[in-house]
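Peer 1: Sequence and predicted structure are below.
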Amino acid sequence: MKSLDEISREPHDFLISRVWFHMLRAHRNLYPKMEKRLRAHGFDSPLWHEILTELERAQEEGIRSSELQKKLFMAQHNLSRHLSRMEKKGFIERTACPKDKRAHFLHISEKGREANRAIWPYYFEAVQLELSDKFDRDEAFQMFQYLIRLYS
């Protein structure tokens, strides 16, 4: 195995490949841990918090699932599966689009608002438990900036 010093001297394209594969590993390591913690409190997935937060931001107008899909960078089938489960739990509501009967607007329900507020302390705690000892404040801010570059 190469040392960090050896890796630091690798060509840019090799380092970029390393970044990609280690991002995947970080996701595969952290996501199931977050999911398990949130399931204990009635949320099937960390994505539910993101979905409900976007629906809250959409306010009374709601948001089309295609627009939500773009905002969250999710595959349509994956988002649809989550939305169906969230609707069954009463967290979201769908209303038909008056201009396009095939399309729906998504809205957060009062139950969804309450659930999203209730889950946040547990989600925040899970994030802190998994990440707070990995980065100091400045490193966390740098990481935040770097990650935003990947999708903005």
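Peer 2: Received, thanks. Numbering: from 1, shown residues only.

Peer 1: which residues of this structure fall in strands?
Peer 2: Assigned by DSSP state E, the chain shows strands spanning 63-64, 92-96, 104-108.

Peer 1: Residue 42 is nearest to which of the ones you listed?
Peer 2: strand 92-96 (14.4 Å; Cβ to Cβ). Just so you know, the C-beta spots here come from the backbone N, C-alpha and C atoms, and that holds for glycine as well.

Peer 1: Tell me the helices and strands packed up against that closest one.
Peer 2: helix 46-58, helix 76-88, strand 104-108 (3 or more Cβ pairs under 8 Å, 6 or more residues apart in numbering; DSSP states H and E).

Peer 1: can you give me how far the first one is from the chain middle?
Peer 2: So the one you mean is helix 46-58. 9 Å (Cα atoms, centre = their mean, to the nearest Å).

Peer 1: Show me which residues of that helix are buried.
Peer 2: 46, 47, 48, 49, 50, 51, 52, 54, 55, 58 (16 or more other Cβ atoms under 10 Å).

Peer 1: where in this structure is pLDDT low?
Peer 2: Residue ranges of the chain with pLDDT under 70: none are present.

Peer 1: quick one: contacts for the residue nearest the centre of it?
Peer 2: Centroid-nearest residue in the chain: residue 47, 4.5 Å away (criterion: Cα atoms, centre = their mean). Residues near residue 47 by Cβ atoms under 8 Å, 6 or more residues apart in numbering: 72, 74, 82.

Peer 1: quick one: it and residue 6, what's the gap?
Peer 2: 38 Å (Cβ to Cβ, to the nearest Å).

Peer 1: tell me the helices in the protein, going along the chain?
Peer 2: 4-8, 12-39, 46-58, 65-72, 76-88, 110-131, 137-149 (DSSP state H).
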